[in-house]
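Asks: please find the sequence and the predicted model below.
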Amino acid sequence: MLKAKALKKVDPFWIKSNSFLLLGLEMGAIDEKVDLESDEEIPFSSSLATNKVDSLNFEMVHLPSRPVMANSWIARHIGIRAVRNIYIVLLKAKINILLPFGPLAILLHYFTGKHGWVFFFSLLGIIPLAERLGYATEQLAFYTGPTVGGLLNATFGNATEMIISIYALKNGMIRVVQQSLLGSILSNMLLVLGCAFFSGGIIHYNKVQEFNKSAAVVNSGLLLMAVMGILFPAVLHFTHTEVHFGKSELALSRFSSCIMLVAYASYLFFQLRSHHSLYNPIDEEGDNNEDCDEDEVPEITHWEAIGWLSVLTVWVSILSGYLVDAIQGASDSFNIPVAFISVILLPIVGNAAEHASAIMFAMKDKLDITLGVAIGSSTQISMFVIPFCVVVGWIMGEPMDLNFQLFETATLFITVLVVAFMLQDGTSNYFKGLMLILCYLIVAASFFVHVDPSNDD
């Protein structure tokens, strides 16, 4: 009687189970149910329970074991997650339509040798990679908090520039390194910040957007310190007042770079530990914050974000090698000065992540994050990336120094002053953004007609 009752309970399950996955999920629950009921009806009999299991053996022989079914379920779950991740990161964004240009540039490099087209397609291929680096960093920032997230955004946003600089430094292209890093600072401070202020001002034209003035003043001070470190080697060179011609300038650059790295490390401690409250965003309207919080939900986990950061960084590294190799050929093919390519074109591509993020946050009326992305990125390049490249060149035996030549140094100095004046009152509007954009157009035109003095030597 008990055997028939057990079979009656189990038979509907075998009939309804159409896949091994559902069988694996429900098997444990059914076994427990049968065992409990058998214990209730015949608590002192163990032989009948044994007979019950024996009666089911003929049906269970053909079924896989629970560990096998569990493993198949895990494998299927991992596969679904992987497909979903690939869709979100590589297919969902419209800018990813440019991804095939990267492999195309590599094919052109090996089969045609036309450096102009290799440079052009490499440039197009790096744009979505830089933007996706920014996306993965933003996803990781959901799990780290706003302050650390802004630092991560600036760091990985500058990963493209650092990789390009190291490849160029390895090839002895010191002027390309100097000009591309200078161009990144100019692009972030004028173009990225200008577009963010302009977009935010147009969207919120009825109000004056505000940001944390104290944090902006600290960043402006660091930028002025970076100008000081870059200015003195150039002045020493052009006034011909070196104690040892050609050596004192390099020694001063390396010493100043070490000091700037110490200053940046102190700034990180100041920002993240001792005075982190200084970088808290100013109070905003509750309705706007609630709406933004509802929209902002992480789409991938933190480990998936770390994995994508690794994959995208490797792919950017590969493309950067072909891009750097084709710079001179592209300059000759398109009749464009190398200075314009290094200062204007390369930074625009490298700053794609910062550009998109800064505009998005400004349109959401989150100007503190916008400044953290744009000005924070410029501060990191001037106080960390440039001194770091000087130290790396020192290790490689390359004479990388802080003498950016007179024209470039003057451009940087005037840009820092203009932006510092724009930020001093703690407010922004579309007109300030328009002025910054127009200033960048003047800088771009200046470098288009500028001939690097080192090319004539």
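Replies: The structure has been received and is ready for your questions.

Asks: from now on I want contacts and neighbour counts done on CA atoms only, so please keep to that.
Replies: Fine.

Asks: now Phe224, nearest residue through space, not along the chain?
Replies: Just so we're on the same page, residue 224 is Leu rather than Phe. Sequence neighbours aside, Val416 is the residue nearest to Leu224 in space, at 6.9 Å (criterion: Cα to Cα, 6 or more residues apart in numbering).

Asks: any idea how far that neighbour lies from Pro337?
Replies: Applying Cα to Cα, to the nearest Å, the value for Val416 to Pro337 is 25 Å.

Asks: so for those two, which residue has more residues nearby?
Replies: Between Val416 and Pro337, counting by other Cα atoms under 10 Å, Val416 is the more crowded of the two (21 against 18).

Asks: am I right that that one is in a helix?
Replies: Yes: looking at Val416 with DSSP: H, G, I helix; E, B strand; the rest coil, it is inside a helix.

Asks: go ahead and confirm it touches Ser220.
Replies: Yes: using Cα atoms under 8 Å, Val416 makes contact with Ser220 at a distance of 7.5 Å.

Asks: in the stretch 101-250 of the chain, which spans are helices?
Replies: 101-111, 115-144, 146-157, 159-170, 174-186, 193-203, 213-238, 248-269 (DSSP state H, counting those that start in this stretch).

Asks: nearest to Ile341, out of those?
Replies: Relative to Ile341, the nearest member of the helices of the stretch 101-250 of the chain by Cα to Cα is helix 174-186, separated by 8.3 Å.

Asks: quick one: mean pLDDT for the closest one?
Replies: Helix 174-186 carries an average pLDDT of 90.

Asks: contact partners of that helix?
Replies: 161, 164-166, 168-169, 338-339, 342-344, 346-348, 350-351, 377-379, 381-382, 386, 399-400, 404, 408, 412, 415, 440 (Cα atoms under 8 Å, 6 or more residues apart in numbering).

Asks: tell me which of those fall in helices.
Replies: Mapping those onto helices (DSSP state H) picks out 161, 164-166, 168-169, 338-339, 346-348, 350, 377-379, 386, 408, 412, 415, 440.

Asks: can you flag the buried ones in those residues?
Replies: 161, 164-166, 168-169, 338-339, 346-348, 350, 377-379, 386, 408, 412, 415, 440 (16 or more other Cα atoms under 10 Å).

Asks: rebuild the helices of the stretch 101-250 of the chain as CSV, extending it with distance to Ile318.
Replies: Shown next, in CSV, are the helices of the stretch 101-250 of the chain (distance: least, Cα to Cα, whole Å):
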stretch, distance to Ile318
helix 101-111, 9
helix 115-144, 10
helix 146-157, 16
helix 159-170, 9
helix 174-186, 17
helix 193-203, 29
helix 213-238, 30
helix 248-269, 28
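
Asks: these: which one's closest to Glu304?
Replies: helix 115-144 (8.7 Å).

Asks: which parts of the closest one are buried?
Replies: 115-142.

Asks: quick one: mean pLDDT over that helix.
Replies: On average, helix 115-144 scores 83.

Asks: try stretch 415-426
Replies: The model assigns stretch 415-426 a mean pLDDT of 90.

Asks: run the chain-centre distance for that stretch.
Replies: 26 Å (Cα atoms, centre = their mean, to the nearest Å).

Asks: give the buried residues for it.
Replies: Thr415, Val416, Val418, Val419, Ala420, Met422, Leu423, Gly426.
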